[in-house]
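[1] predicted model follows, preceded by the sequence.
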Amino acid sequence: MNLRNNYQLMAQYNPWMNEKIYAICDRIPDRDRKKDIGAFFKSIHGTLNVASI
């Protein structure tokens, strides 16, 4: 696979996987999603917030 095809594949994969991740996280209660779990960005919410920049 050449690099151009690989980049195109990843560009298609990214929004598909983002939808799946956000759909799963949407089922987590807001309080739990924002709870500090000791992750690098503190919480699931923090991680998703940084990823959307």
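    Sure thing, it's come through.
[2] what is the helix or strand hosting Gln8 packed up against?
    Element membership of Gln8, judged by DSSP states H and E, is helix 3-26. Contact here means 3 or more CB pairs under 8 Å, 6 or more residues apart in numbering; DSSP states H and E; on that basis helix 3-26 packs against helix 44-51. For every residue, glycine as well, the C-beta is placed using N, CA and C.
[3] please spell out which residues along the helix it packs on are buried.
    Buried residues in helix 44-51, counting neighbours by 16 or more other CB atoms under 10 Å, are found at 44-47.
[4] thinking again about what came up before, and the helix holding Gln8, how far out from the chain's middle?
    Mean C-alpha position of helix 3-26 versus that of the full chain (CA atoms, centre = their mean, to the nearest Å) differs by 9 Å.
[5] again, but for stretch 37-44
    So, by CA atoms, centre = their mean, the centroid of stretch 37-44 is 13 Å from its chain's centroid.
[6] what does that stretch contact?
    For stretch 37-44, contacts defined as CB atoms under 8 Å, 6 or more residues apart in numbering pick out 25, 28, 32-36, 46-47, 49-50.
[7] low-confidence bits of the chain, can you list those?
    Within the chain, the stretches with pLDDT under 70 are 1, 51-53.
[8] what angle separates the helix holding Gln8 from helix 44-51?
    Here the directions of helix 3-26 and helix 44-51 differ by 150 degrees (axes from the mean of the first three to the mean of the last three CA atoms, to 10 degrees).
[9] please save the CA atoms from helix 3-26 in PDB.
    Provided in PDB are the C-alpha atoms of helix 3-26 (Å, rounded to 0.1, in the frame of the first residue of the first chain):
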ATOM      1  CA  LEU A   3       1.400   6.300   1.500                       C
ATOM      2  CA  ARG A   4      -1.400   8.200  -0.300                       C
ATOM      3  CA  ASN A   5      -3.700   5.300  -0.100                       C
ATOM      4  CA  ASN A   6      -2.800   4.800   3.500                       C
ATOM      5  CA  TYR A   7      -3.600   8.500   4.400                       C
ATOM      6  CA  GLN A   8      -6.900   8.200   2.500                       C
ATOM      7  CA  LEU A   9      -7.800   5.100   4.400                       C
ATOM      8  CA  MET A  10      -7.000   6.800   7.700                       C
ATOM      9  CA  ALA A  11      -9.000   9.900   6.700                       C
ATOM     10  CA  GLN A  12     -12.000   7.700   6.200                       C
ATOM     11  CA  TYR A  13     -11.400   5.600   9.400                       C
ATOM     12  CA  ASN A  14     -11.100   8.700  11.700                       C
ATOM     13  CA  PRO A  15     -14.600  10.100  11.500                       C
ATOM     14  CA  TRP A  16     -16.100   6.500  11.600                       C
ATOM     15  CA  MET A  17     -14.200   5.700  14.800                       C
ATOM     16  CA  ASN A  18     -14.900   9.100  16.400                       C
ATOM     17  CA  GLU A  19     -18.600   8.500  16.000                       C
ATOM     18  CA  LYS A  20     -18.300   5.100  17.700                       C
ATOM     19  CA  ILE A  21     -16.300   6.500  20.600                       C
ATOM     20  CA  TYR A  22     -18.600   9.500  21.100                       C
ATOM     21  CA  ALA A  23     -21.700   7.300  21.000                       C
ATOM     22  CA  ILE A  24     -20.300   5.000  23.700                       C
ATOM     23  CA  CYS A  25     -19.200   8.000  25.900                       C
ATOM     24  CA  ASP A  26     -22.600   9.600  25.500                       C
END
